[in-house]
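1. Compute the structure for the input listed below.
(2 chains)
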Amino acid sequence: SQKIEQNSEALNIQEGKTATLTCNYTNYSPAYLQWYRQDPGRGPVFLLLIRENEKEKRKERLKVTFDTTLKQSLFHITASQPADSATYLCALGGTGGFKTIFGAGTRLFVKA
Amino acid sequence: SAVISQKPSRDICQRGTSLTIQCQVDSQVTMMFWYRQQPGQSLTLIATANQGSEATYESGFVIDKFPISRPNLTFSTLTVSNMSPEDSSIYLCSVRTGGDTEAFFGQGTRLTVV
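-> Next up is the predicted model:
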């Protein structure tokens, strides 16, 4: 069955450093991959989408890479800030349908 | 973008009762979904709410337990029927405007069944 793996352990980093989160998947060939941010008690908020034919995408301090050979995406937050502390979810989607499957997320703590 | 109003935001219910969750969108959308998220777990798709027809349920979810209405393109309800403590979870309404565009979520309904 399709499976998405994100590091279940929380990531603790110092303010100003780059946070790198990993998303691995199996038994799936997604047409695109998305990253969402979720704060406690809130629904997920979309951050970035990267398609299967794209290697990298950037948005302000965010960078996403997508390696369909390794079946892996890396999500980077540069110059991290305490306000970046949240859970980050990876999501995969395919063509021809509208279902999106989500990973369990990785909790990020940025210390001042 | 889409703004979603979901209510109630939380509720504590007795086992054996039912709770209906409402999802209102500020614009007409084709695709509307209901998810469940248990603590520390990923979002699990319950069903796709189809306007004018019966919802499409994912494996493990049935209409008798989770009846869904979608009377128009801006509104949907999810009912959690005959609740048990195992139904305690966060339930999220989500919409998408196209095949691979981002999903927009309501703030969720935190349900506790006692």
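2. Tell me which residue in chain B sits closest to chain A.
-> Using CB to the nearest CB, the single residue of chain B nearest to chain A is residue B:105, 3.0 Å away. In short, each C-beta sits where N, CA and C put it, glycine included.
3. Partner strands of the worst-scoring helix or strand of chain A on mean pLDDT and their direction?
-> Least confident helix or strand, chain A: strand A:100-102 with a mean of 87, by mean pLDDT, DSSP states H and E. Using DSSP bridges, the strands paired with strand A:100-102 are strand A:86-93 (antiparallel).
4. Quick one: neighbours of residue A:27, just the number.
-> 8 (other CB atoms under 10 Å in any protein chain shown).
5. Revised request: answer the last question for residue B:27.
-> 13.
6. Leaving out sequence neighbours, find the closest residue to the residue in chain A positioned nearest to chain B.
-> Using CB to the nearest CB, the closest approach of chain A to chain B is made by residue A:43 at 3.0 Å. Once flanking residues are discounted, residue A:43 sits nearest to residue B:105: 3.0 Å by CB to CB, 6 or more residues apart in numbering or on different chains.
7. Over to residue A:101?
-> Residue A:101's closest residue in space is residue A:92 (CB to CB, 6+ apart), at 5.4 Å.
8. Could you list everything the residue of chain B closest to chain A pairs with in the sheet?
-> Assessed by DSSP bridges, residue B:105 has beta-bridge partners residue B:94.
9. any idea how far residue A:45 lies from residue A:56?
-> Using CB to CB, to the nearest Å, one obtains 22 Å as the distance from residue A:45 to residue A:56.
10. More neighbours: those two, which one.
-> residue A:45 (15 against 12).
11. Could you report the neighbour count for the nearest residue to that one once chain neighbours are set aside?
-> In this structure, residue A:45 finds its nearest non-sequential neighbour in residue A:37, 5.1 Å apart by CB to CB, 6+ apart. Summarising burial for residue A:37: neighbours were counted as other CB under 10 Å, giving 18.
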